[in-house]
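**Q** 3D model of this:
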Amino acid sequence: MHKNINIDKLKCLAKNNNELNFLILNETKQDMEKIEKDINNINSLMSNIYECVIKDGEKINIISDNVSSVYDNIDKTKEILLETEEYNISQNIKKKTIIYGKSGLIIGSTIALPISILFGIKFGIISCISCGIIGSLSGRIIGLKK
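**A** This next block holds a predicted model:
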């Protein structure tokens, strides 16, 4: 009988051991499923991060292109401003030379008028034209120097 009790205990222990193994396997299976779910969530997060990085990279490229375009526009604007400044300077010089030239013509003609009254019309016309030319040229030279 002593043998029967041991066999019964062993059978009971074996049955309990099988149940224990089943519980351990079931718990392990649940842990594995949880790990698989976590891995899938991490994979999903990584995919979302990758998409964000790609989109942000495209935005950064667009921003970089825009910055380059701005620098190009600034360079072109500088060139245009320099050309405009040079043009304005040349226009101012032309205006000054015209103004000084006309002033010289008027002054020269004014000086020649009394000469024409004193020495006659022919001499007066010649002196008026020559004084006008001399006054105009000297006015232009003065205008160029300023």
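**Q** Show me where this structure has its helices.
**A** Taking DSSP state H to define them, one finds helices in the chain at 2-119, 121-145.
**Q** mean pLDDT for those helices: which is lowest?
**A** Taking the average pLDDT of each of the helices of the chain, the minimum falls on helix 121-145, with a mean of 70.
**Q** I figured residue 124 hits residue 117, correct?
**A** Yes: if you go by Cβ atoms under 8 Å, residue 124 and residue 117 touch, sitting 6.9 Å apart. All C-beta spots, glycine's among them, are computed from the backbone N, C-alpha and C.
**Q** Show me which of the two is the more surrounded one.
**A** Each of residue 124 and residue 117 has its neighbours counted (other Cβ atoms under 10 Å); residue 124 has more, 17 against 10.
**Q** what about residue 91, distance to residue 21?
**A** For residue 91, the distance to residue 21 equals 102 Å [Cβ to Cβ, to the nearest Å].
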